[in-house]
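Student: Got a predicted structure here, sequence first:
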Amino acid sequence: MLLARLLATEAPVLVLDEPVAGLDPEAQFLTLDLLREEVARGATVLATLHDLTLVGRCADRVLLVADGCLVADGCFQAALDRARLREVFAAGGVHPGERVVTYCGGAIAASSAALALAL
């Protein structure tokens, strides 16, 4: 319901925190497709996600920020390669100051404690 209200505004910038949390996979994909449509119309979409699979499916660009500093900037594979994933998401879990931000074709996404996806 809240997403529908947000989309109805046709705002040039959309900021969403975990827009697919609690949704079944079909609803997650539908929601992300709707957000991609907003990017296609020229909007900037900023969304946080903790699911790396969804980030990989939707993000064109990922920015990894740790303790306020940019650690990586690039496509999903380059920014979150195996070594970096081990370093950032170590056995103890995500370190407190880490953030992953993703950017997709005209949209930027920022993340909270784990990952963010920008559609």
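Tutor: Yep, it's here. Residues are numbered from 1 along each chain as shown.
Student: Tell me the secondary structure of the closest residue to residue 80 other than its chain neighbours, please.
Tutor: In space, and not counting its chain neighbours, residue 80 is closest to residue 62: 6.0 Å by Cβ to Cβ, 6 or more residues apart in numbering. In short, each C-beta sits where N, CA and C put it, glycine included. Three-state assignment for residue 62 (DSSP: H, G, I helix; E, B strand; the rest coil): strand.
Student: Distance check, residue 62 against residue 52.
Tutor: Going from residue 62 to residue 52 by Cβ to Cβ, to the nearest Å gives 10 Å.
Student: Those two: which has the busier surroundings?
Tutor: It is residue 62, of residue 62 and residue 52, that has more neighbours when counted by other Cβ atoms under 10 Å, with 28 against 18.
Student: quick one on the thing from earlier: bridged to the residue nearest to residue 80, which residues?
Tutor: Beta bridges link residue 62 to residue 74, residue 102, judged by DSSP bridges.
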